[in-house]
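Colleague: Starting from these lines, generate the structure:
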Amino acid sequence: MSTRTNTDAIRAIDALGGPKEVARLMDVKPNAVANWYKRGLPRHAHDALGPMLEQAGFKFSPKLFKQHVIKRGKA
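Modeller: This next block holds a predicted model:
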């Protein structure tokens, strides 16, 4: 398993207060948000987090929410 991180996702999550705060905002467990550090932000998070990021002054590309990669079984 890769240990690469998604620096844009890390910066966005941190701009909103870190994994615990983003988990609270999204009504998910903090470990789910921590996984976004590697996988990127899921598309469904855009409507909730996009306006908050803008309000926090965080500049981001719409691609930020299209980077989420779901690992599938072997093809």
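Colleague: Could I get the full set of strands for the chain?
Modeller: Listed in chain order, the chain contains no strands at all (DSSP state E).
Colleague: Flag the shaky bits of it, pLDDT-wise.
Modeller: For the chain, applying pLDDT under 70 flags the ranges 1-5, 67-75.
Colleague: center of it, which residue is that?
Modeller: In the chain, the residue lying closest to the centroid (CA atoms, centre = their mean) is residue 41, at 3.0 Å.
Colleague: pretty sure that residue contacts residue 62?
Modeller: No. With contact defined as CB atoms under 8 Å, residue 41 does not reach residue 62; the gap is 11.0 Å. Quick note: C-beta positions are derived from backbone N, CA and C, even for glycine.
Colleague: what's the residue nearest to the centre of the chain sitting at in phi/psi?
Modeller: phi -80, psi 140 (degrees, to the nearest 10).
Colleague: when you give positions from now on, start the count at 139
Modeller: With 139 as the first residue, the last one maps to residue 179.
Colleague: For it, give its distance to residue 198.
Modeller: The gap separating residue 179 from residue 198 is 9 Å, by CB to CB, to the nearest Å.
Colleague: which residues do the two both contact?
Modeller: Shared contacts of residue 179 and residue 198 (CB atoms under 8 Å, 6 or more residues apart in numbering): residue 150.
Colleague: In stretch 180-188, which residues are buried?
Modeller: For stretch 180-188, a neighbour-count test (16 or more other CB atoms under 10 Å) marks 180, 183, 187, 188 as buried.
Colleague: could you redo those as a markdown table and give each row distance to residue 162?
Modeller: A markdown table is the format used below for the buried residues of stretch 180-188 (distance: CB to CB, whole Å):
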| residue | distance to residue 162 |
| --- | --- |
| 180 | 16 |
| 183 | 13 |
| 187 | 12 |
| 188 | 17 |
